[in-house]
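# Have a look; sequence and predicted model below, questions after that.
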Amino acid sequence: MAVLLLLPYALLLIQSFWRLRNGTLTHELTLDNYRRLFGTRLYPATILYSAGVALRVTVISLVLAFPLAYVLAFKVRRHKTLLYMAVIIPLWVSYLVRAYAWKIILGQQGILNGMLMSMGIIRAPLTVLLYSTAAVVLALTHIYTPFTLMPIYAVLDAIPASLKEASQDLYASRWRTFIHVILPLSLPGVVAGCTFAFVLSMGDFLAPQLLGGNDSALMVSNLVWSLFGVAYNWPLGAAVSVVMLGLTLILLWVAGKVEARGSYGGDARASVVDYAAPI
Amino acid sequence: MSFADPPFRRRFRAASTLALQLLALSLLVACGGGGAASKAPRGAATKIVFTRTGDARADAMTYLKLLCPKPIGGELNFMVWEGYTDSAFTAPFERACGVKINATYMGSSDDLVAKLRAGGSQTIDLVSPSSDAITEIIQAGLAAPLDTTRVPSFGDLMAGFRALPVARSGGKIYGQPWAFGPNPLIYDTTKVTPKPTSWAVLWDDRYKGRISVQDDIATLYMVAQYLGLDDPKDPAKLYNLSDADLEKVKAKAIELRPRVRKYWSTAGDMTQLFQSGEISLGEGWPLMTHQLRLVKFPAGEVIPKEGTTAWADHWVITTGAQNLDAAYAWLEYAAQPFTQKLLADVTGYIVANPGARAYMTPEQATGQHDIAEYGAHVNFWQWGSKRDKYQEIWNTVKAAP
């Protein structure tokens, strides 16, 4: 099993050292692909741009998901499952349908512009809403916020009520209980959720293609696709993939370390590795 | 359908000589019964002519009964563009000729070339490369020369299309014309006045933020043509520009970038951008103009004076094709006007047999043009030696700060 899982990665790694000569793959080993990757502004710039988009998505997702998970875990008494499902259900709606829905909402003749204009807030339709980095970030946030919420909720829900009660018995204020008890215990879930949002949105392919504009149509997955599918430059495509894989592994390793420090080893532990394993 | 339409008149005359055709048919059947390994006509085939009804589906059925009086049998493996094996015209062929068609779609020209090179020509019988990939396939020795005597309707296909040099090599013909399309400038006639005549209109400040171009290296070809870097006498130059010329193209394309609302990747993207009021003009395909006009959108179309590029798709038999009887039967069927009309229904492309127009409504027929109408203004895609470089420049343009 392990061989079958690792073989594709090994092939990718080997391919990234091959050479393209007159449009034909040759099996000579070379470092040229990596030289071109790091020596041409396009590749690092695209990776950085994708990381910037992913970072924004992660921060917004966290800001939205944490309070929601907190309310679901501690404040809601009845219909808890129902509310949790309400957050998860959008995941069952096709990605494409959701992306197209954003086109209808954000377009120049869209619902949002129409509303703002009829309210007299703006005179001409805003073009920055659609076909822009903002639209890409918005769509990705919509799609990946549930992924951030799930691990945070799982961790918060598993915090024993006795810990909160103990804190209150010692005359800690609600705020102090949150800062010193709830937040440290929720850290593994936060790290796991943020890693999901970051890694998934950084590797996204459709949002920039469907909702990106003249400055936001190219993320790293679109680049890899064009190298494999259009330019027939598999070695360079493989090299970009290897770099991305390396960055992801470093990120997972760091996330694992942070979690290990934040975790107290009890039931509340939700490791990013545990979650990432089935993917 | 119009009686004034020359192809129809020609066929009408042809239909009146039915007796002759029945004779030809009986010969065909006689030939067909002979071979043990193959039941279809070998060697030179005879053209089948019959009384047309004007209904493409019905005529296809009637024709196929005559083309395959006995089932040929076996299978045909296709690697084609999506839409080229639509059941509207493949299912009747499969039934009548007893041939099972297995189709794989190609994602890009490069995809096809890569698969054939990697040994696919041994398992794939027929492919439908565009004008860029076909030369590469011929050069790599993956295409078999066509025996046009086995495709008696070959001569009915558009003369200008048959004459394209891309499908020829060493005096041999390798491709059978199927469909083509140029990349014209499409504009909203209510917003863009006067009628544009040059690609320069894309750099016009009046339309800043209201244009769309294809998310493809085809846009670089357009920019190069606008800059006059191509040579109408040597179409290949456009696809093999020098590094210095490519730098000029890159700079001009980067200048275009902030003017673009969105890069389109499918025909649906572009028509939607027009319909939702996001753009006023852009480079597109005639299919889009056609679709926009069908929904009463005021779309105008022009081939700018600097010229434009175009694609042309051919059927090509691979060197590894085994079931040649079935392959040639398919080619002859593919050249028929009713088959081509069904293809136009599915894809909206300009089809290779002008006779197909006789089956179309006047609206559908207006979308059909002859290659000759475009003249030297249209440069058919070729395979350049620097494809990889072009792609990197295109990505750089998209990622420009």
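Received the coordinates, thanks.

# Now do the contacts for residue B:195.
B:189, B:300, B:302 (Cβ atoms under 8 Å, 6 or more residues apart in numbering or on different chains). Bear in mind the C-beta positions are built from the backbone N, C-alpha and C, glycine included.

# pretty sure it belongs to a strand, no?
No - counting by DSSP: H, G, I helix; E, B strand; the rest coil, residue B:195 falls outside a strand, being coil.

# Tell me which residue is most central in chain A.
residue A:197 (2.3 Å; Cα atoms, centre = their mean).

# can you pull the contacts of that one?
A:54, A:57, A:58, A:61, A:62, A:144, A:145, A:147, A:148.

# which SS state does the fourth one fall under?
It stands for residue A:61. Under three-state DSSP, residue A:61 comes out as helix.

# Hmm, residue A:142 and it touching each other?
No - the pair residue A:61 / residue A:142 is not scored as a contact, 9.3 Å apart, by Cβ atoms under 8 Å.

# Give me the below-cutoff pLDDT ranges for chain A.
Within chain A, the segments meeting pLDDT under 70 span A:23, A:262-279.

# Contact distance from chain B - what residues of it qualify?
A:20, A:22-24, A:40-42, A:45-46, A:49, A:103, A:107-110, A:127, A:130-131, A:209, A:212-215, A:217-218, A:223, A:226-227, A:229-233 (Cβ under 8 Å from any Cβ of the partner chain).

# For the stretch 1-150 of chain B, which residue gets nearest to chain A?
Residue nearest to chain A within the stretch 1-150 of chain B: residue B:110 (4.4 Å; Cβ to the nearest Cβ).

# Look up how far chain B lies from residue A:198.
21 Å (Cβ to the nearest Cβ, to the nearest Å).

# How many neighbouring residues does that residue have?
If you count neighbours by other Cβ atoms under 10 Å in any protein chain shown, residue A:198 ends up with 23.

# so which strand or helix has it?
Assignment of secondary structure by DSSP states H and E places residue A:198 within helix A:183-202.

# Just the C-alphas of whichever helix or strand comes after that helix, formatted as CSV.
Using DSSP H and E, the helix or strand that follows helix A:183-202 in sequence is helix A:206-211. What follows is helix A:206-211, C-alpha atoms only, in CSV (Å, rounded to 0.1, in the frame of the first residue of the first chain):
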residue,chain,number,x,y,z
LEU,A,206,-11.4,27.0,-10.4
ALA,A,207,-11.9,30.2,-8.5
PRO,A,208,-9.2,32.2,-10.3
GLN,A,209,-10.4,30.8,-13.6
LEU,A,210,-14.1,31.6,-13.0
LEU,A,211,-13.9,34.7,-10.9
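
# Helix A:206-211 packs against which elements?
helix A:95-106, helix A:133-157 (3 or more Cβ pairs under 8 Å, 6 or more residues apart in numbering or on different chains; DSSP states H and E).

# Need the contact partners of it.
A:95-96, A:99-100, A:102-103, A:106, A:130-131, A:135-136, A:139-140, A:143, A:201, A:216-219, A:222, B:215, B:265.

# What's the ChimeraX syntax to select whichever of those residues are buried?
The ChimeraX command for the buried members of those (criterion: 16 or more other Cβ atoms under 10 Å in any protein chain shown) is given here:
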select /A:99,102,103,106,130,131,135,136,139,140,143,201,216,217,218,219,222 /B:215
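
# sorry, back to before: so which bits of the helix holding residue A:198 are buried?
Buried residues in helix A:183-202 (16+ other Cβ under 10 Å): A:185-202.

# again with stretch A:228-240
Those would be A:228-240, for stretch A:228-240 by 16+ other Cβ under 10 Å.

# Please apply the same query to stretch A:81-95.
In stretch A:81-95, counting by 16+ other Cβ under 10 Å, buried: A:84, A:87.

# Send over it as CSV, restricted to the C-alpha atoms.
Output of stretch A:81-95 as CSV, limited to C-alpha atoms (Å, rounded to 0.1, in the frame of the first residue of the first chain):
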residue,chain,number,x,y,z
THR,A,81,-26.9,18.9,15.3
LEU,A,82,-29.4,20.8,13.1
LEU,A,83,-27.4,24.0,13.3
TYR,A,84,-24.1,22.2,12.7
MET,A,85,-25.6,20.5,9.6
ALA,A,86,-26.7,23.9,8.4
VAL,A,87,-23.1,24.9,8.3
ILE,A,88,-22.0,21.7,6.6
ILE,A,89,-24.7,21.4,4.0
PRO,A,90,-23.3,24.0,1.6
LEU,A,91,-20.4,21.6,1.2
TRP,A,92,-22.8,19.3,-0.7
VAL,A,93,-23.6,21.9,-3.2
SER,A,94,-21.3,21.7,-6.3
TYR,A,95,-18.4,24.1,-6.3
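
# Can you pull out the residues in contact with it?
A:68, A:72, A:76, A:98, A:142, A:143, A:146, A:149, A:150, A:153, A:206.

# Can you say which of those residues are buried?
Buried among the contacts of stretch A:81-95 (16+ other Cβ under 10 Å): A:68, A:72, A:98, A:142, A:143, A:146, A:149, A:150, A:153, A:206.

# and the residue nearest to residue B:383 when sequence neighbours are not counted, how many neighbours?
Nearest residue to residue B:383, sequence neighbours excluded (Cβ to Cβ, 6 or more residues apart in numbering or on different chains): residue B:136, at 4.4 Å. The number of residues packed near residue B:136 is 21, by other Cβ under 10 Å.

# pLDDT (mean, whole number) over the helix or strand hosting residue B:138?
Using DSSP H and E, residue B:138 maps to helix B:131-139. Average pLDDT, helix B:131-139: 91.

# in it, what's buried?
Per 16+ other Cβ under 10 Å, helix B:131-139 contains these buried residues: B:131, B:132, B:133, B:134, B:135, B:136, B:137, B:138.

# Tell me where the stretch 251-400 of chain B has strands.
Ranges of strands in the stretch 251-400 of chain B, per DSSP state E, counting those that start in this stretch, are B:281-283, B:299-302, B:308-317, B:350-351, B:378-380.

# For chain A, which of these is the nearest?
Short answer: strand B:281-283, nearest of the strands of the stretch 251-400 of chain B by Cβ to the nearest Cβ, at 12.2 Å.
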